[in-house]
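Give me the fold of what follows.
(one chain, ligands or ions: 1)
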Amino acid sequence: MTKEIKLSSRAERPWWRDAVTYQIYIRSFSDSDGDGIGDIEGIRSRLPYLKALGIDAIWITPWYPSPQIDHGYDVADFLDIEPDYGTLDDAKRLIKETHEHGIRILLDIVPNHSSDKHAWFEAALQAAPGSKERDRYLFRDGKGEHGELAPNNWEAVFGGPAWKRIVEKDGTPGQWYLHLFAAEQPDFNWENSEVRAYFEKVLKFWLDLGIDGFRIDVAHGMVKAAGLPDVVADNPHAEMLARAARPYWDQDGVHEIFRSWRRILDSYSGDRMAVAEAWVSPPSRLALYVRPDELANSFNFDFLGSPWEPTTLKKMINRSMDALVDVGAPTSWVFNNHDVVRSVDRFDLGLIAGRANTTSERQGDASKLDIPRGTKRARAGALLMLALPGGAYVYQGEELALPEVRDIPEDRLTDPRWQMSNHTDRGRDGCRVPLPWQATPAGAFGFSAVPSLTPSEAWLPQSPWWGSYAVDIQEDNSHSTLNMYRAALKIRHDEVGLGDGPMSWIETEESVLAFSRPGQFACYLNFGLPITLPMNAKVLLSSGPLDGVEIPTDTAVWLRLSDN
Ligand code: NOJ
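Numbering: from 1, shown residues only. Predicted structure coming up:
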């Protein structure tokens with residue numbers, strides 16, 4: 001049983017306690033100019049779609065100038081826009097029009113590292129060891145007689161060592177720099193006051209343009225343990241969610257940074273906020289990021305690490321909510337993002353995201369995949385997520401029940417994981433294929449406004465079957481996943497008891513998750529044999545067809561319970 005929280009009405013509390021935020025992976029959302037790459041004008045043209053979907057906010061993945069080694073998470077200039085995506089004027093217009101549609105807008109900020117093409121890093125390469133230019137990053141002398149060994153045993157998240165040795169200006173082998181991700185993503189030194197001041201300037205620059213907040217990339221990685229000690233573990237491989245403590249994740253020093261960021265956010269009107277991408281465990285550690293003077297939200301990644309199984313899911317839900325109650329923060333549920341295999345596949349195959357180092361660990365066994373069953377589960381999971389207390393983050397294409405794309409030809413794979421894992425892990429491209437807006441192939445299934453663009457010319461190729469998931473056919477089908485999301489989000493807005501606030505578990509079969517929310521609202525999700533609907537309950541929405549008064553397996557229903 002979870003503890004009860006007393007909360008004000010939805011209109012009185014900050015919007016981010018209840019919001020459903022839609023993640024836009026900008027390269028793959030909508031392309032206005034026919035280059036096969038999504039852009040800002042593409043997003044602008046789809047604002048009516050987002051409005052009709054019923055989400056409260058959008059989060060746009062990094063749109064800054066970038067060599068795109070890690071598709072924008074390698075930022076060369078934090079104060080401008082990537083030319084492939086548009087201009088600062090386009091960004092200003094998008095911010096204004098998004099607000100006119102009644103939607104908030106969050107930007108991705110990447111403070112753990114920059115691109116190696118950032119002016120600061122280029123200056124650091126030209127400068128001498130010990131210089132102020134080098135001190136903005138984590139340069140160290142190597143070990144061994146000639147400095148030929150990496151400074152410690154840390155490994156990069158994408159595979160291989162987390163250190164790269166440079167050649168000094170005079171042509172001699174030189175110092176090493178830390179990169180927790182790709183070698184083209186050098187880590188900043190957050191002990192350096194210039195780095196801190198720079199990011200404060202960056203935050204203010206975008207807040208002044210009217211954005212509502214930030215998603216903070218690798219928020220748990222910015223501060224490293226003093227002295228950069230070796231990882232002491234059998235397997236020093238870096239995972240975003242390390243099972244054991246790591247000297248580069250979740251160091252207490254990050255909290256002081258977030259307190260200073262919160263002060264900046266609070267100095268603006270309109271409940272500006274930040275959400276942390278902090279892959280930390282257990283939830284009591286996550287709670288530290290959302291203390292009242294720190295960040296508003298922190299993604300709750302537990303659902304990415306859960307199989308499709310009621311006992312585990314219930315435990316995770318309770319654990320997450322209990323941990324956050326003490327700091328008064330809302331939970332932020334996540335089923336999908338641009339880093340993990342899509343939930344249709346994950347829930348069918350029982351995959352645990354975030355712990356993959358090979359393609360088979362990441363994608364599971366394709367021969368066992370049953371997409372209709374995975375779709376049923378993903379739809380039921382969506383109704384669970386949207387009925388739970390707090391906010392939710394929906395990744396583009398989740399509302400279309402897109403499955404993972406497993407047939408991208410190897411020579412078209414772009415994720416740095418593919419190269420850095422020596423071709424053992426295909427990486428994350430399978431959840432990033434450009435969205436199908438139309439069933440017909442013209443304009444890469446409508447992804448592009450230019451009809452001559454073919455599906456294979458999109459930056460990641462779209463397979464011939466992709467059009468069967470298109471928005472236009474789902475709009476015309478009252479049973480489609482798109483229409484289920486629209487209906488769910490409408491009910492969620494109208495129901496005063498949904499969003500943040502209390503919930504109570506309902507005692508029922510072990511194979512069922514059932515809980516109520518204020519206003520006689522209930523959600524039942526059945527994992528087992530068919531069960532009978534509660535007496536006199538009115539069905540508000542279901543994730544799949546009901547069998548008379550029975551809820552079939554892998555189906556969720558939203559109900560209005562009756563007193564008698
Ligand atoms: C987390 C982002 O979600 C991921 O896409 C990126 O590769 C890493 N951080 C590095 O920035």
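
Let's see stretch 47-56 as PDB, backbone CA atoms only.
Provided in PDB are the C-alpha atoms of stretch 47-56 (Å, rounded to 0.1, in the frame of the first residue of the first chain):
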ATOM      1  CA  LEU A  47       1.600  21.200 -34.200                       C
ATOM      2  CA  PRO A  48      -2.100  20.500 -35.100                       C
ATOM      3  CA  TYR A  49      -1.400  16.800 -34.800                       C
ATOM      4  CA  LEU A  50       0.200  17.200 -31.400                       C
ATOM      5  CA  LYS A  51      -2.700  19.400 -30.300                       C
ATOM      6  CA  ALA A  52      -5.200  16.800 -31.400                       C
ATOM      7  CA  LEU A  53      -3.200  14.100 -29.700                       C
ATOM      8  CA  GLY A  54      -3.800  15.900 -26.400                       C
ATOM      9  CA  ILE A  55      -0.300  16.100 -24.900                       C
ATOM     10  CA  ASP A  56       0.700  18.900 -22.600                       C
END
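
burial measure for the nearest residue to residue 42 once chain neighbours are set aside, as a count.
Ranked by CB to CB, 6 or more residues apart in numbering and with sequence neighbours excluded, the top spatial neighbour of residue 42 is residue 30, at 3.1 Å. Backbone N, C-alpha and C define where each C-beta goes, glycine included. Neighbour count of residue 30, defined by other CB atoms under 10 Å: 24.

list the contacts for residue 30?
Listed by CB atoms under 8 Å, 6 or more residues apart in numbering, the contact set of residue 30 reads 38-39, 42-43, 45-46, 435, 437, 447-449.

quick one: which of these sit in strands?
In strands, judged by DSSP state E, none of the contacts of residue 30 are found.

Buried ones among the residues you listed?
38-39, 42-43, 46, 435, 437, 447-449 (16 or more other CB atoms under 10 Å).

Can you pick out the most distant pair from the residues you listed?
Distance extremes for the buried ones among the contacts of residue 30: the farthest pair is 39 and 437 at 14.4 Å, using CB to CB.

lowest-confidence helix or strand of the protein?
helix 359-363 (a mean of 88; mean pLDDT, DSSP states H and E).

List the contacts of that one.
341, 345, 351, 355-356, 404, 406, 424-427, 430.

Now which of these would you call buried?
Looks like the contacts of helix 359-363 have 341, 345, 351, 356, 404, 425-427, 430 buried, using 16+ other CB under 10 Å.

List just the nearest of the residues you listed to the ligand.
residue 427 (9.6 Å; CB to the nearest ligand atom).

quick one: contacts for that closest one?
362, 413, 415-418, 421.

Now the two most distant members of these.
Largest pairwise distance in the contacts of residue 427, by CB to CB, is 14.4 Å, between 362 and 416.

and the residue nearest to residue 216 when sequence neighbours are not counted, how many neighbours does it have?
The shortest distance from residue 216 to any non-neighbouring residue, by CB to CB, 6+ apart, is to residue 276 (5.1 Å). Using other CB under 10 Å, residue 276 has 25 other residues around it.

okay but residue 276 is in contact with residue 218, surely?
No - using CB atoms under 8 Å, residue 276 is not in contact with residue 218; the gap is 9.3 Å.

and the one helix or strand residue 89 maps to, how far out from the chain's middle?
Using DSSP states H and E, residue 89 falls within helix 88-100. With CA atoms, centre = their mean, to the nearest Å as the basis, helix 88-100 stands 22 Å off its chain's centre.

So which elements touch that helix?
Under the contact definition 3 or more CB pairs under 8 Å, 6 or more residues apart in numbering; DSSP states H and E, helix 88-100 sits against helix 40-45, strand 104-109.

which element follows the first one toward the C-terminus?
The element immediately downstream of helix 40-45 (helix or strand, assigned by DSSP H and E) is helix 47-53.

Need phi/psi at residue 512.
phi -130, psi 140 (degrees, to the nearest 10).

I'd like the next helix or strand past the least confident helix or strand of the chain.
By DSSP H and E, the next helix or strand past helix 359-363 is helix 371-387.

got a list of contacts for that following helix?
20, 303, 308, 313, 333, 335, 342-349, 392, 398, 401, 403, 481, 484-485, 488-489, 492, 498, 513, 515, 517, 521, 523, 525, 541-544, 554-558.

hang on, residue 456 packs against residue 463?
No - Residue 456 lies out of contact with residue 463 (CB under 8 Å); the separation is 9.2 Å.

still on that earlier bit, tell me who's in contact with the residue nearest to residue 216.
Counted by CB under 8 Å, 6+ apart, residue 276 has contacts 216, 219-220, 258, 289-290, 295, 297-299.

Please indicate which of those residues has the highest neighbour count?
Neighbour max across the contacts of residue 276 (other CB under 10 Å) = residue 298, 29 neighbours.

Give the pairing partners of the host helix or strand of residue 58; include direction for each.
According to DSSP H and E, residue 58 maps onto strand 57-60. Looking at strand 57-60 with DSSP bridges, its partner strands are strand 20-24 (parallel), strand 104-109 (parallel).
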